[in-house]
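Asks: Any chance you can model this:
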Amino acid sequence: MTQPDIAIVGGGLLGRLLAWRAATTGLRVALYDAASSQGEGSAAWVAAGMITPSTEAIDADPEIVAMGRRSLCLWPQWLAELPEPVFYRDDGTLLLWHRQDACEARRFERFLAARDAQAHLVHVDAVRLSELEPALDSRFQQSLHLPGEAQIDNRALLKTLALALQEAGVQCHWRTFVAADALPTAGIVVDCRGMGARQDLSQLRGVRGEIVRLDAPDVELRHMLRLLHPRFSVYVAPRAEGKLVVGATSVESDDRSPMSVRGALELLTSAYSMLPTLAEGRILEFDTQVRPTLPDNRPAFFYHLGRRVLRINGLYRHGFLLSPAIVEEALPLLSGQWEESYTGRWSCLRLCAHEVEEEQACPSL
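Replies: Residues are numbered from 1 along each chain as shown. The predicted structure is shown next:
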């Protein structure tokens, strides 16, 4: 077998996207992942697939918002190149609140104005809201709308990317565990293992995500919904054929055990408070996952120039928001600029010219 130009370890969302886009440039690529081609072992498997830069702006670093906006431009282009269509909708996010939580709406609006000057926030009254989202059944007298934000069917995307990898000639080694001290031989090795790289990146911590997948064919949602609440922010993301994903933004824990009764009740009660018609929906799945997170909640490139190993990690809960922008940034490194002093577009991903230890994050320049 011909030695690949690039060996990517970790076949979650980032690893698959990077392998696919690198192969389309003519590079010989091998991909290794401990799970199957379905992607069930990845953080992306337990996700809502949301690309919502403005919604995230009240908690995220401004650069994350800018990277998300770049990804929002790239996603439709890349999806159009896949061998099969994947559910994608960009009707935006509706932010809702109950009367007693009106201060949360004012807080959101104030923070968004300060942190994201490009956000296009639209005030929606009850009449317009019933036009935008009839499923809400006039339950809310007002809302905030962030048009243009998008979502992708996460599991369909992982499956279709596996087909795209095959078509692009990527050597895929599914169900192949690669230990940290036995990285494959290639021109460049890219480590995209997420939490699997924890023994190599001591700074890495886990942030737990919890989701409920529902079948509610009588609830025809057009937008993503997010409930503004002082303690527990919950979202509802529609899928094709009456499926819904309900989740919470983050829980500071690296516990991957099944969802607790309290967690399930909080998710479902919050979703029900927005959409009482969910009462007759059917619960398809409760699931949890841990997302890889660095101390500043931003992604980073870690590299060892002598060994030609690049580690990409720390996507936090922003995998779908950031992955295209990160892949776009990494491709020049994999296509011949590795030996050069590389100053990229995003400060958190910039490489320095000299060799550094693998646990040292490359400084912003």
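Asks: from what I can see residue 189 touches residue 308, true?
Replies: Yes: Residue 189 is in contact with residue 308 according to C-beta atoms under 8 Å; the separation is 6.7 Å. The C-beta positions use only the backbone N, C-alpha and C, and glycine is treated the same way.
Asks: neighbour-wise, which of these two wins?
Replies: Between residue 189 and residue 308, residue 189 has the larger neighbour count (other C-beta atoms under 10 Å), namely 22 against 15.
Asks: who's that one bridged to?
Replies: Here residue 189 sits in beta bridges with residue 7, residue 309, going by DSSP bridges.
Asks: Residue 197 versus that one, what's the distance?
Replies: According to C-beta to C-beta, to the nearest Å, residue 189 and residue 197 sit 12 Å apart.
Asks: A helix includes residue 311, no?
Replies: No: with DSSP: H, G, I helix; E, B strand; the rest coil as the criterion, residue 311 is assigned strand and is not in a helix.
Asks: which residues touch it?
Replies: 190-191, 197, 200-201, 301-303, 358 (C-beta atoms under 8 Å, 6 or more residues apart in numbering).
Asks: let's see 7 Å
Replies: Applying C-beta atoms under 7 Å, 6 or more residues apart in numbering to residue 311 gives the contacts 191, 197, 200-201, 302-303, 358.
Asks: Equivalent analysis for residue 84, please.
Replies: 160, 163.
Asks: From residue 179, how far out is it?
Replies: Counting by C-beta to C-beta, the gap from residue 84 to residue 179 is 34 Å.
Asks: Look up which residues are beta-bridged to residue 212.
Replies: Where residue 212 sits in a bridge, its partners, by DSSP bridges, are residue 246, residue 286.
Asks: An error on my part: the question was meant for residue 290.
Replies: When assigned by DSSP bridges, residue 290 has beta-bridge partners residue 208.
Asks: cool, the one 10 residues further on as well?
Replies: Per DSSP bridges, the residues bridged to residue 300 are residue 313.
Asks: how about the helices in the protein?
Replies: 13-24, 53-56, 62-79, 102-115, 126-132, 154-167, 261-274, 319-332 (DSSP state H).
Asks: out of the contacts of residue 311, which are inside strands?
Replies: Among those, the ones falling in strands (DSSP state E) are 191, 302-303.
Asks: Throw those into CSV and include neighbour count and pLDDT, thanks.
Replies: Output for the ones in strands among the contacts of residue 311, formatted as CSV (neighbours: other C-beta atoms under 10 Å; pLDDT from 0 to 100):
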residue, neighbour count, pLDDT
191, 25, 95
302, 24, 89
303, 25, 83
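Asks: Pipe the residues you listed into a markdown table and attach distance to residue 168 per row.
Replies: As requested, the ones in strands among the contacts of residue 311 are arranged in a markdown table below (distance: C-beta to C-beta, whole Å):
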| residue | distance to residue 168 |
| --- | --- |
| 191 | 21 |
| 302 | 26 |
| 303 | 25 |
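Asks: who's in contact with stretch 287-305?
Replies: Under the criterion C-beta under 7 Å, 6+ apart, residues 43, 45-46, 61, 63-64, 194-195, 201, 203-211, 254, 256, 258-259, 309-317, 322, 326, 348-349, 351, 355, 358, 361-362 lie in contact with stretch 287-305.
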